[in-house]
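> One predicted model, sequence on top.
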Amino acid sequence: MDIATTPTNPEGNPELADAARTPHQPPVILREYYRPFGWLLPEVKLDFDLGITRTRVRAELTVQRNARADRADVIRLNGDGLKPVSVTVDGAATDWSMDGADLMVPLHGDSHLIVVETEIDPAANTQLMGLYASNGMLCTQCEAEGFRRITFFADRPDVLSTYTVRMAGEKAAFPILLCNGNRVAEGDNADGTHWAEWHDPWPKPSYLFALVAGDLVANSKPFTTVSGREVECNVWVRAEDLARTDHAVESLHRSMKWDEDVFGREYDLDLYNIVAVSDFNMGAMENKGLNVFNTKYVLADPDTATDGDFDAVEGVIAHEYFHNWSGNRVTCRDWFQLSLKEGFTVLRDQLFSQDMRGEAVKRIEDVRILRAAQFPEDAGPLAHPIRPDSYREISNFYTATVYNKGAEVIRMMRSMVGVERFRAGTDLYFDRHDGEAATCEDFVRAIEDGAGIDLAQFRRWYAQAGTPRVTVREAVAGDSLVLTLKQHVPATPGQPDKQPMPIPLRVAVHSRLGALGAEQLIVLAQAEQSFTLPLAGPDPVVSINRGFTAPVVIDRALVRDDLVFLAAQDDDPSARSEALQELAVSHLVGTASGELSAGERGAGEAAIIGAFAASLADGALDDAMRGELMLLPSETYLFEVMATGERKADPGAIHTAREGLKAAIGTALADALQALHTRAAAVALDDPAGRGARKIKTIALSLIAAANPARAATLAAQQYDAADNMTDRQGALMVLTGLDCREREERLASFYQRYKGNDLVIDKWFTLQALSLHPDVIAHVRKLAEHPDFTMKNPNRVRSLHMAFAGNPKGFHAADGEGYRMVADVILALDPINPQTAARFVPSLGRWRRIEPGRAALMKAELERIMAAGNLSRDTFEQVSRSLD
Ligand code: PHE
Ligand code: ZN
């Protein structure tokens, strides 16, 4: 079905007001239908009488006619599952009505006071949108459309209000009462309840509202801003978690300082609260002055968190903090503009982490994520531009495209104008739009004006979906090299024809004899274009898209020796890693598709082993970078490359080829890998080189495991037993869970015993087993779903078992379709409990068109089974129907 033919107007269509679970098709909302809201709501007063199973909300809304909008004599206040207890206008009864789930209140003057009372049951809220209970505490999640589950409201991001909130509840159950902004008053009542009143001076949209009530303690440390203001920074957790909060507090301070230094952004309240909750649909939420975080991105100590977990905490804390300017001070006009805040904020957190941890490795990690998560999305049925044109359920658009490709698009602008001019552009953006709800177009125009660049053609990056392919031809002419580049943006759903886009590429022309060429930036703007570059010497080797300046696929005739040269010699670290990836991709896809002769396979394998040997021996590399060079491309990415043109991906063949290559490397380099493991094992936990050492230790183990399982089992058990940190422990257990050996059961049991009751670590225990290479992984997952610690009600637990399994290429793609069936069963069981999380499983099945016909038919049949079940949430309906279109 063509979604563009069934437009609906968000202001006028009663269907929109239906509850999330509709028997008929949920309507499509179009970007071009945006209209300003008919009323302004400058002031909101909320009064909460809190209880886990019964909370009463009284909302006082000051409303004024919006002179910039069409006249409306009725105000539509969105609701979702709410019943009004009472509604008055200017203190008098009014002739209100319901339109679906929305409250319609007639208003005839220019300004009024509407008072609405509602009653909700937080304990029954399993969707975790709106006000809900988690571990005895109460908290909220309002982005994107959760506020309408708390009270009736103009629940859209372009309606900005000043909030004053009073909350009361039992002091024993909720000793801590938090809201946005500053606490202005508090007190005790005689009946064992207490109350607090909060005021947020910054006008904000409803999606940034937050409230928390619970038994919490804070790790508190003040931050002094650049202008000398002291900010109280608190990280609130349950008492037993307090010892694991230092890293979060330090990360917050580093973020605050970095945003002052690099983007000139100072914090604007005297208080910054972060609260960790264990039931949360996403990573974290940037509510003004009161971030709510998934515990996973707050709690960390070396005994329970890996180095990767530490990095993730730092990155997410930074991300939410940076939203205070890119998201809160300047927010989005409508949800189609989501990338305005998310793409920009992801770029800001990536640049921050590059500065904290080193640019090269962080950039390689970010590119790996883009390839594994965003490229497949851009090539499948759910492909959409970073600024989508339509949706049925906005929760489905918190995607790798909006976030990660959105960041890449802004990074390209930065690469084209340079760091200083980019800063002039962002300064102008923040100045111009402070206090406003802006659009992506506003952002682009501010960069144009502030940085002095014409982005007319560049705007296509916001409108066109699909990963561009750039084909490269090279010819030597005298002492120059002529590079002829062609670009092609593939067709995506609803977008059959694409226009060329400006593609900035950093390039250098090296000489195979060793001379390295100077780097320059070229911009491929036409469908086909030639560039003349100087030669550094004979036998030119082109290093292209250095630093991954553009999110594109480079298509070029492979010269194996050139790639080996680049992998070992290029002066750009990400180009070295790219060359190795390219070497491995062509070998693995060629092997899996049977397109390589035995001779070519042998030569490819030898070249890769040679490149690995060179990385192992290269004394100039640090171990963190060495580890990047030793990671083979993911199976998901290999599927994407294999599925080009008419050729389909064969998951079984990819898996066999990749494991075969690991075994060949592990066999050929057995001694060197063993030596590497021994050297790394001797580096102490707090040694500055310890991080890199821990990374390569486990990479070495997994290569050894492919070649010599018995040897690996012994080594991994040793690593596990000797571990004084979670990185080593989890790495060893990861290798062991893939092996069929005695050590596996023993260490899994001891891990469980040791960490019983620590949810985040028990999540790891589930994940390791769900991701494992073990032949019985499906049976293991089935059994784990019956484990007393498993519950469908906690999103982290669901992700730790089922999402991990859906990302296990071997188990998920089992040839008999058992993996697909299990995931479809999860979607059906989870949809009535938590539709947002259920819908996130659909893309794994949605890739059926790119998979070989046998598996494709099984995957499609599961999608059809879900569709036939009927009564789906809007979230799941949208994803499944798009996947079957
Ligand atoms: N806005 C949050 C972020 O990116 C993500 C989020 C979206 C959280 C929707 C909850 C619900 O930081
Ligand atoms: Zn964000």
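Happy to help now that I have it. Residues are numbered from 1 along each chain as shown. Ligands and ions are numbered 1, 2, ... in the order given.
> Flag every residue of the stretch 101-250 of the chain that's near ligand 1.
The interface of the stretch 101-250 of the chain toward ligand 1, taken as Cβ under 6 Å from any ligand atom, is made up of 141, 143. Bear in mind the C-beta positions are built from the backbone N, C-alpha and C, glycine included.
> helix/strand/coil for whichever residue of the stretch 101-250 of the chain sits closest to ligand 2?
Proximity to ligand 2, evaluated over the stretch 101-250 of the chain using Cβ to the ion, is greatest for residue 143 at 8.9 Å. When classified by DSSP: H, G, I helix; E, B strand; the rest coil, residue 143 comes out as coil.
> what about the residue nearest to residue 303 when sequence neighbours are not counted, neighbour count?
Taking Cβ to Cβ, 6 or more residues apart in numbering as the measure, residue 303 lies nearest to residue 726, with 6.3 Å between them; neighbours along the chain are not counted. The local packing count at residue 726 equals 24, with neighbours defined by other Cβ atoms under 10 Å.
> before we move on, what about residue 191?
Residue 191 is surrounded by 8 other residues when neighbours are defined as other Cβ under 10 Å.
> Residue 639 too?
Using other Cβ under 10 Å as the criterion, residue 639 is surrounded by 23 other residues.
> which element is it on?
Residue 639 belongs to helix 635-642 when assigned by DSSP states H and E.
> Same check on residue 580?
In the assignment (DSSP H and E), residue 580 maps to helix 573-592.
> can you give me the helices for the stretch 701-850 of the chain?
Secondary structure of the stretch 701-850 of the chain (DSSP state H, counting those that start in this stretch): helices located at 709-722, 726-737, 742-755, 759-770, 777-784, 795-798, 804-806, 809-812, 818-830, 835-839, 842-846.
> among the ones you listed, which is nearest ligand 1?
Ranking the helices of the stretch 701-850 of the chain by distance to ligand 1, with Cβ to the nearest ligand atom as the measure, places helix 835-839 first at 8.0 Å.
> Could you verify my assumption that residue 667 touches residue 707?
Yes: with contact defined as Cβ atoms under 8 Å, residue 667 reaches residue 707; the gap is 4.3 Å.
> Comparing the two, which shows the higher neighbour count?
Set residue 667 next to residue 707 and count neighbours by other Cβ under 10 Å: residue 707 wins out with 18 against 15.
> ok, the residue nearest to the more buried one when sequence neighbours are not counted - contacts?
Ranked by Cβ to Cβ, 6+ apart and with sequence neighbours excluded, the top spatial neighbour of residue 707 is residue 666, at 2.9 Å. Residues in contact with residue 666 (Cβ atoms under 8 Å, 6 or more residues apart in numbering) are 673, 703-708.
> I'd like to know how many residues surround the residue in the stretch 451-600 of the chain that ligand 2 sits nearest to.
Among residues of the stretch 451-600 of the chain, the one nearest ligand 2 by Cβ to the ion turns out to be residue 462. It sits 17.8 Å away. The number of residues packed near residue 462 is 21, by other Cβ under 10 Å.
> Please, which helix or strand holds it?
With elements taken from DSSP H and E, the one containing residue 462 is helix 460-463.
> Report all helices and strands that that helix contacts.
Using 3 or more Cβ pairs under 8 Å, 6 or more residues apart in numbering; DSSP states H and E, the elements in contact with helix 460-463 are helix 406-417.
> And ligand 2, is the helix it packs on touching that?
No: using Cβ under 5 Å from the ion as the criterion, no contacts between helix 406-417 and ligand 2 are found, and the smallest distance is 10.1 Å.
> Begin at 16, not 1, for the rest of this chat.
OK, 16 is where the count begins now, so the last one is helix 421-432.
> does any part of that helix sit near ligand 1?
No: on the criterion Cβ under 6 Å from any ligand atom, helix 421-432 is out of touch with ligand 1, staying 11.0 Å away.
> Run the angle between the helix or strand that that helix is followed by and helix 421-432 for me.
For helix 421-432, the following helix or strand on the C-terminal side (DSSP H and E) is helix 434-448. On the basis of axes from the mean of the first three to the mean of the last three Cα atoms, to 10 degrees, helix 434-448 is oriented at 120 degrees to helix 421-432.
> Please name every helix or strand in contact with helix 434-448.
When contacts are defined as 3+ Cβ pairs under 8 Å, 6+ apart, helix 434-448 sits against helix 421-432, helix 455-466.
> The closest residue to the residue of the stretch 466-615 of the chain closest to ligand 2 other than its chain neighbours and residue 483, how far apart?
Distances taken as Cβ to Cβ, 6+ apart put residue 402 closest to residue 477, at 4.5 Å, once the chain neighbours are dropped. Computed as Cβ to Cβ, to the nearest Å, the residue 402 to residue 483 distance reads 17 Å.
> How about residue 250?
Remark: distance between residue 250 and residue 483 (Cβ to Cβ) = 42 Å.
> Between those two, which is the more surrounded one?
Set side by side, residue 250 and residue 483 give different neighbour counts by other Cβ under 10 Å, the larger being at residue 250 (30 against 21).
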